[in-house]
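Undergrad: this is the structure alone, sequence omitted:
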């Protein structure tokens, strides 16, 4: 059984940084897409970023471009999200999602993804 486990959330002041990590248990990453989504209180889930693990292509929402970086983690079967210059509007629960054996489809659509983590809270104070 595949599980995605997020870690690294917390409380940070505006302008600060946090690093989130998504670890997969039960599967070795291959031709997969790993995405990060977030849901702020009272808002719908929104796409943040994604990475294609076979080619390394990355994709970002306009709201985080230039501040967030998604990459393969140093640990096996992990994907990291480095978040810099955080703003209060980045406050949300962040979810890691995986589409295994990706063969096409809009990577910013949550319906594409087969597996989801439990989420990790990120709170940015002003």
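TA: Alright, I've got the coordinates. These numbers were taken from a predicted model, which means no experiment stands behind them.
Undergrad: what segments of this structure are strands?
TA: 3-7, 10-13, 18-25, 33-39, 46-52, 58-60, 68-72, 78-83, 92-99, 115-116, 120-125 (DSSP state E).
Undergrad: any idea which of the ones you listed gets closest to residue 106?
TA: Ranking the strands of the chain by proximity to residue 106 (C-beta to C-beta) places strand 46-52 first, at 9.2 Å. C-beta here means a position set from N, CA and C on the backbone, and glycine is covered the same way.
Undergrad: tell me the mean pLDDT over that closest one?
TA: Across strand 46-52, the average pLDDT comes to 97.
Undergrad: quick one, it and strand 68-72 angle?
TA: Calculated by axes from the mean of the first three to the mean of the last three C-alpha atoms, to 10 degrees, strand 46-52 forms an angle of 40 degrees with strand 68-72.
Undergrad: and the contacts of strand 46-52?
TA: Here strand 46-52 makes contact (C-beta atoms under 8 Å, 6 or more residues apart in numbering) with 32-40, 57-61, 64, 68, 70-72, 79, 81, 94, 102, 107-110.
Undergrad: buried sites along that strand?
TA: The neighbour-count check on strand 46-52 (16 or more other C-beta atoms under 10 Å) flags 47-52 as buried.
Undergrad: who does it pair up with?
TA: Looking at strand 46-52 with DSSP bridges, its partner strands are strand 33-39 (antiparallel), strand 58-60 (antiparallel).
Undergrad: check contacts around residue 38.
TA: Neighbouring residues of residue 38 by C-beta under 8 Å, 6+ apart: 45-46, 48, 90, 92-95, 122.
Undergrad: one more: residue 25?
TA: By C-beta under 8 Å, 6+ apart, the contact set of residue 25 is 2-5, 77.
Undergrad: repeat that for residue 39.
TA: Neighbours of residue 39 in contact, by C-beta under 8 Å, 6+ apart: 45-46, 92-93, 95, 119.
Undergrad: so what's the most centrally placed residue in the chain up against?
TA: What sits nearest the mean C-alpha location of the chain, by C-alpha atoms, centre = their mean, is residue 36, with 2.3 Å. With contacts taken as C-beta under 8 Å, 6+ apart, residue 36 has the following neighbours: 20, 22, 48-50, 70, 81, 94-97.
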